[in-house]
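*Asks:* got a structure for you, letters missing:
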């Protein structure tokens with residue numbers, strides 16, 4: 001059985017198991033289900049699997065990016081690569097937030113909803129633009145790796161790779177060392193990927209055992225609106241970019257990327273999925289490692305199309321619930337704020353809710369409105385992650401094609417087994 005089918009089966013079994021356990025665990029007599037099975041076995045296996053993948057994120061990004069940058073040769077090409085990548089990420093984010101606001105205004109999911117007056121306390125605040133720019137550059141690369149500050153790791157990796165590429169023959173042993181180390185890390189990733197179905201089952205079983213499906217009922221229109229815009233972004237916007245900017249077949253793209261999207265849905269973490277994403281984009285979609293090693297780690301850090309969609313729908317939802325007229329000018333500022341915030345809050349814990357706070361304040365809406373949507377946010381976060389990963393892979397493919405670093409034969413060749 002292919003990996004895609006095994007992960008899909010694990011997802012369905014995990015969701016079904018979680019719902020059944022949620023229905024059974026309704027009294028004290030059945031509390032052992034929650035304590036031993038859900039919080040014990042499922043939580044332990046799922047947490048170990050996610051931790052194992054996160055273990056590889058920093059070394060993977062560092063080594064792969066050094067290899068890719070070192071082999072570029074002419075460092076001027078890196079500037080073109082960075083300009084195209086960041087430009088496309090900002091473009092897709094702006095499209096996502098614009099679609100979200102437009103569709104939410106038409107659907108009006110917040111009309112007739114009673115506002116929740118529960119206060120919401122934010123543990124962190126989004127940094128200023130100056131702080132963001134300064135924090136991109138590491139003063140201690142070892143500390144950046146230890147703390148998992150991906151933007152700083154990316155910058156240090158690029159600088160080291162460029163230095164190696166300009167050091168001539170004396171740097172050849174270092175290039176060989178990093179290339180061999182990259183092969184070892186990829187082998188570790190392939191070893192872990194085989195355990196993905198078990199991790200996926202435990203993650204989803206724990207989630208639905210705790211949440212159930214009743215939490216969706218109270219916010220059905222909001223929930224469905226977010227899902228509709230996410231689907232539009234994923235299955236219309238991205239395929240259009242692939243077709244018209246790179247001339248690639250979206251059906252082949254989604255078929256080969258499907259195992260990554262299923263795992264991203266289950267883990268709800270772009271960073272945890274990054275090792276899986278990188279190997280798939282490179283080996284199955286034919287994106288050269290020089291491009292993939294730069295665009296994908298950057299996208300996992302700053303590209304938040306799915307989060308922007310949530311912010312757009314949530315802004316309209318809260319405005320309608322509180323009967324506040326934001327106006328066209330206010331919504332245009334929301335588009336600008338959410339687009340810039342997708343980069344401005346990179347690396348901040350709880351980034352989705354923090355940027356939503358910024359957006360609500362910019363629109364003159366009460367931050368307390370966040371309390372109304374927190375209940376379903378965990379479920380929507382899973383879908384947002386899959387959309388974010390699709391956006392990362394799309395931009396990587398388009399940029400690679402523009403730089404003539406896309407193996408179109410590998411992209412088009414059939415894959416019998418994942």
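*Replies:* Yes, it's here. Quick caveat: nothing in here was measured; it's all calculated off a predicted structure.

*Asks:* how about the strands in the stretch 201-350 of the chain?
*Replies:* Along the stretch 201-350 of the chain, no segments are classed as strands by DSSP state E, counting those that start in this stretch.

*Asks:* Pass me the low-pLDDT residue ranges in it, would you?
*Replies:* Scanning the stretch 201-350 of the chain for pLDDT under 70 picks out the ranges 211-218, 340-350.

*Asks:* quick one: the residue lying closest to residue 269 once chain neighbours are set aside from residue 155, how far?
*Replies:* Nearest non-adjacent residue to residue 269, counting by C-beta to C-beta, 6 or more residues apart in numbering: residue 385, 6.4 Å away. The C-beta positions use only the backbone N, C-alpha and C, and glycine is treated the same way. Relative to residue 155, residue 385 is positioned 25 Å away (C-beta to C-beta, to the nearest Å).

*Asks:* do residue 34 as well
*Replies:* 44 Å.

*Asks:* for the residue nearest to residue 262 when sequence neighbours are not counted, what are its contacts?
*Replies:* Leaving aside its sequence neighbours, residue 262 sits nearest to residue 7 (C-beta to C-beta, 6+ apart; 4.5 Å). Going by C-beta atoms under 8 Å, 6 or more residues apart in numbering, residue 7 touches 196-197, 200, 259, 262-263, 266.

*Asks:* mind checking which helix or strand residue 7 is in?
*Replies:* Per DSSP states H and E: residue 7 is located in helix 3-24.

*Asks:* Can you point out the buried residues in that helix?
*Replies:* 3-4, 6-8, 10-11, 14-15, 17-19, 21-22 (16 or more other C-beta atoms under 10 Å).

*Asks:* Columns distance to residue 39 and pLDDT on top of those residues, output as TSV?
*Replies:* TSV is the format used below for the buried residues of helix 3-24 (distance: C-beta to C-beta, whole Å; pLDDT from 0 to 100):
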residue	distance to residue 39	pLDDT
3	28	72
4	30	72
6	26	83
7	24	80
8	26	81
10	20	86
11	21	82
14	16	85
15	18	83
17	15	87
18	13	83
19	17	82
21	11	82
22	13	79
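
*Asks:* Looking at those, spot the one nearest residue 270.
*Replies:* The nearest member of those to residue 270, counting by C-beta to C-beta, is residue 7 at 16.8 Å.

*Asks:* The closest one and residue 57, how far apart?
*Replies:* From residue 7 to residue 57 the distance is 20 Å (C-beta to C-beta).

*Asks:* who touches the nearest residue to residue 245 once chain neighbours are set aside in this structure?
*Replies:* Once flanking residues are discounted, residue 245 sits nearest to residue 398: 4.9 Å by C-beta to C-beta, 6+ apart. Residues in contact with residue 398 (C-beta under 8 Å, 6+ apart) are 88, 241-242, 245-246.

*Asks:* that older thread, could you work out the most separated pair of the buried residues of helix 3-24?
*Replies:* Farthest pair in the buried residues of helix 3-24 (C-beta to C-beta) is 3 and 22. Separation: 28.1 Å.

*Asks:* Residue 385 and residue 155: which is more packed in?
*Replies:* Comparing residue 385 with residue 155 by other C-beta atoms under 10 Å, the one with more neighbours is residue 385, at 25 against 17.
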